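Trainee: Next input, structure requested:
(one chain, ligands or ions: 1)
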Amino acid sequence: MLLNAHRIELEGDYKDRILLAIEDVTDRRSIEKRKDDFLSIASHELKTPLTAIKGYIQLIRRLMPDDNKKLNDVVQKSVSQIERLDKLIVELLDVSKIQSGNLDIHHKNFDFDQMVRDTIEHVQFNSDDHTISLKGSTGVVYNGDETHLSQVVGNLVSNAIKYSPSQKQVHVYLSRLKGHIKFSITDSGVGIEQKDQKKVFDRFYRVGAVKEKFAGMGMGLYICEQIIKQHQGMIWVESELGEGSTFSFTLPIKEQQ
Ligand code: ADP
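Mentor: Predicted coordinates:
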């Protein structure tokens, strides 16, 4: 049996006494555990057929004649839908790993600026109607989890594009501060009201006003924050409704980096 104790403050004549309310949370915890287990099993099961489909599409791409524009378009559209599905499944898996404390972070040295350039190029490849500019540099060979940090950058860039449908310019800035490197991305999109700015990093939180207009599940920023925290960094947003948003993160660096 799992119990939660709540202390209740008493007033007047009973001020010096303590009242404890004991609540049995066994059922609640076991429902949460079953939900987490389901998330983990479902995402693993979805991953297997999707990996096979990705392989088949790659094969079709290789066998396909270059001059068939219609077929090329259809295959390209399939690839971007598969990438979307793949991203969702990876996010579901990550959320379930974070919940169970099993998100593995593997540190190695990598060129931070190059990772950012490669990630931008990858996102840009699937969204050719936005221009992403990159200014500044950190000049740092960073020791951290390249795959997960690339996932953070990819998420922030994809969001900047997704939430600025009519403003096609997105700006990325890199800089090195004392003991830190900083990544910022600015869009001129829908923006986020003050009251929602902290909540967007919560699991499954989506801003009410944009929920119907843009597809999503509210996992990306939650995962970003968890990955940045695992690197002892900070992530935050500055935004104005209707004007746009700037998402930034900093990561600590060791002096010799
Ligand atoms: P998703 O985009 O799948 O909903 P995220 O966790 O990435 O999930 O984002 C959570 C919420 O934060 C979004 O639903 C959206 O309301 C808001 N948001 C994220 N990025 C931006 C942005 N660049 N501009 C405006 N709103 C944003």
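Trainee: For Phe204, list the residues it contacts.
Mentor: By CB atoms under 8 Å, 6 or more residues apart in numbering, the contact set of Phe204 is 217-219, 222. To be clear about C-beta, it is placed using only N, CA and C from the backbone, and glycine gets the same treatment.
Trainee: again with Asp118
Mentor: Ser150 are the contacts of Asp118 under CB under 8 Å, 6+ apart.
Trainee: Number of residues surrounding Glu9?
Mentor: Neighbours of Glu9 under the rule other CB atoms under 10 Å: 8.
Trainee: so what's the backbone phi/psi at Arg203?
Mentor: Main-chain dihedrals, Arg203, degrees, to the nearest 10: phi -60, psi 130.
Trainee: From the ligand, how far off is it?
Mentor: 9 Å (CB to the nearest ligand atom, to the nearest Å).
Trainee: which SS state does the nearest residue to that residue once chain neighbours are set aside fall under?
Mentor: Spatial nearest neighbour of Arg203, chain neighbours left out: Tyr222 (4.5 Å); criterion: CB to CB, 6 or more residues apart in numbering. Using DSSP: H, G, I helix; E, B strand; the rest coil, the structure places Tyr222 in helix.
Trainee: OK, contacts around Tyr222?
Mentor: 95, 98, 201-205.
Trainee: Closest to Gln169 out of those?
Mentor: Relative to Gln169, the closest of those is Phe201; by CB to CB it sits at 24.9 Å.
Trainee: can you give me the strands in the protein?
Mentor: For the chain, applying DSSP state E gives strands covering 3-8, 19-24, 108-111, 131-136, 141-144, 169-177, 180-187, 234-240, 244-252.
Trainee: Which part of the stretch 1-150 of the chain gets nearest to the ligand, residue-wise?
Mentor: Glu91 (8.1 Å; CB to the nearest ligand atom).
Trainee: you'd agree that residue is up against Leu221?
Mentor: No. Glu91 lies out of contact with Leu221 (CB atoms under 8 Å); the separation is 10.6 Å.
Trainee: burial measure for the residue of the stretch 151-257 of the chain found nearest the ligand, as a count.
Mentor: For the stretch 151-257 of the chain, the residue closest to the ligand is Gly216, as judged by CB to the nearest ligand atom, at 2.4 Å. Using other CB under 10 Å, Gly216 is surrounded by 16 other residues.
Trainee: That one: what's it in contact with?
Mentor: 162, 206.
Trainee: give me that answer again for 6 Å
Mentor: Listed by CB atoms under 6 Å, 6 or more residues apart in numbering, the contact set of Gly216 is empty.
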